[in-house]
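K.L.:
sequence? don't have it. structure:
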């Protein structure tokens with residue numbers, strides 16, 4: 001077994017189960033240390049019991065490396081992989097998904113570089129992943145100014161060019177999770193939004209706004225021709241101290257989504273699971289399309305789509321209703337339309 005690959009696999013499993021960031025970083029750091037060693041030096045240190053003398057290698061990671069180098073599956077990997085099996089069955093919908101339309105990198109409040117997020121998406125069998133870091137007003141999440149977003153577009157273009165030169169059939173789609181401002185306008189330059197492949201619009205502030213004004217705010221946002229997906233529509237949190245749903249006229253908002261060709265996001269984050277089932281059923285009844293997204297802020301979280309798929313299937317959503325069952329080219333055609 002490849003010790004570097006095993007360490008990174010453990011980090012992915014830990015992210016998927018929502019483990020503290022410091023635990024995830026410990027395994028990623030150990031992987032980087034091992035990657036920088038020659039095979040002979042690694043084997044010598046294992047034989048002499050001197051792995052923990054290296055900065056970034058602790059007792060647990062040393063045990064994992066030793067087992068992997070000997071061709072044994074480390075007990076720690078078995079343990080965390082077993083926890084990952086608790087994911088719900090995403091069924092035929094999960095099998096039909098070809099990408100993810102809502103993810104974050106370390107350019108805003110994500111924990112990993114763009115290329116690491118892309119490689120994790122590829123490892124899951126995705127054909128594409130949309131990079132949707134936050135917009136400027138969300139300063140707590142290091143939202144991207146117009147200038148930073150333009151620089152990010154150059155980085156994505158270079159990464160996609162590298163994939164193309166390798167003959168790799170994978171693409172990173174450009175995008176943003178743009179804040180819906182109080183009046184329903186969007187927190188980014190219109191000309192720049194029009195350049196992006198995927199625009200997810202979400203409410204992140206004044207979540208307790210009265211129902212009438214919240215409805216007007218959301219309807220105005222989804223009526224904007226640059227918006228493709230309405231993100232986590234109620235803003236609720238269902239774990240920890242939780243957060244109640246925002247109040248709005250669901251029929252008015254979902255009808256506007258249907259009329260303007262905006263997909264309602266089925267957010268797969270375990271602490272969100274938004275929208276709740278009653279609203280998900282109502283959106284389906286009104287003829288909306290959907291995007292089953294992870295809202296991932298780390299590579300391992302890209303594996304959370306089964307949570308969204310299971311709830312979608314419970315509520316009668318079919319693969320044909322979900323935009324990220326489309327190929328990248330057809331998704332872009334839909335978004336531009």
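P.N.:
In hand now; what should we look at? Predicted model only: the values in this text are computed from it and were never measured. Numbering: from 1, shown residues only.
K.L.:
who are the contact partners of residue 199?
P.N.:
132, 175, 176, 178, 186, 193, 226, 227, 228, 229, 335 (CB atoms under 8 Å, 6 or more residues apart in numbering). The C-beta positions use only the backbone N, C-alpha and C, and glycine is treated the same way.
K.L.:
tell me the SS of it?
P.N.:
strand (DSSP: H, G, I helix; E, B strand; the rest coil).
K.L.:
is it bridged to anything, and to what?
P.N.:
When bridges are called by DSSP bridges, residue 199 pairs up with residue 176.
K.L.:
max-length helix in the protein?
P.N.:
helix 146-166 (DSSP state H).
K.L.:
state the next helix or strand along the chain beyond whichever strand or helix holds residue 266.
P.N.:
Assignment of secondary structure by DSSP states H and E places residue 266 within strand 263-267. Following strand 263-267 in sequence order, the next helix or strand is helix 277-285 (DSSP H and E).
K.L.:
now do the buried residues in that next one.
P.N.:
279, 280, 282, 283, 284 (16 or more other CB atoms under 10 Å).
K.L.:
gap between residue 57 and residue 212?
P.N.:
58 Å (CB to CB, to the nearest Å).
K.L.:
and these two? Which one has more around it.
P.N.:
The residue with more neighbours, out of residue 57 and residue 212, is residue 57; 21 against 12, by other CB atoms under 10 Å.
K.L.:
pLDDT score for the closest residue to the more buried one other than its chain neighbours?
P.N.:
Nearest residue to residue 57, sequence neighbours excluded (CB to CB, 6 or more residues apart in numbering): residue 51, at 5.1 Å. On pLDDT, residue 51 comes in at 94.
K.L.:
for the chain, which segments count as helices?
P.N.:
Under DSSP H, the chain gives helices at 3-16, 21-35, 39-48, 59-69, 75-84, 91-96, 114-123, 146-166, 190-195, 211-222, 250-260, 277-285, 305-314, 328-336.
K.L.:
between the ones you listed, which gets nearest to residue 321?
P.N.:
Closest of these to residue 321 is helix 277-285, at 7.0 Å (criterion: CB to CB).
K.L.:
now do that closest one against strand 263-267, angle only.
P.N.:
150 degrees (axes from the mean of the first three to the mean of the last three CA atoms, to 10 degrees).
K.L.:
counting contacts, what elements does helix 277-285 pack onto?
P.N.:
helix 250-260, strand 263-267, helix 305-314 (3 or more CB pairs under 8 Å, 6 or more residues apart in numbering; DSSP states H and E).
K.L.:
got the contact list for the nearest residue to residue 33 once chain neighbours are set aside?
P.N.:
Among residues not flanking residue 33 along the chain, residue 56 sits closest, at 4.4 Å (CB to CB, 6+ apart). Going by CB under 8 Å, 6+ apart, residue 56 touches 29, 30, 32, 33.
K.L.:
thinking again about what came up before, export the helices and strands packed on helix 277-285 as CSV, with columns for distance to residue 322, mean pLDDT and mean neighbour count.
P.N.:
Formatted as CSV, those follow (distance: least, CB to CB, whole Å; pLDDT from 0 to 100; neighbours: other CB atoms under 10 Å):
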stretch, distance to residue 322, mean pLDDT, mean neighbour count
helix 250-260, 14, 98, 19
strand 263-267, 8, 98, 27
helix 305-314, 7, 97, 22
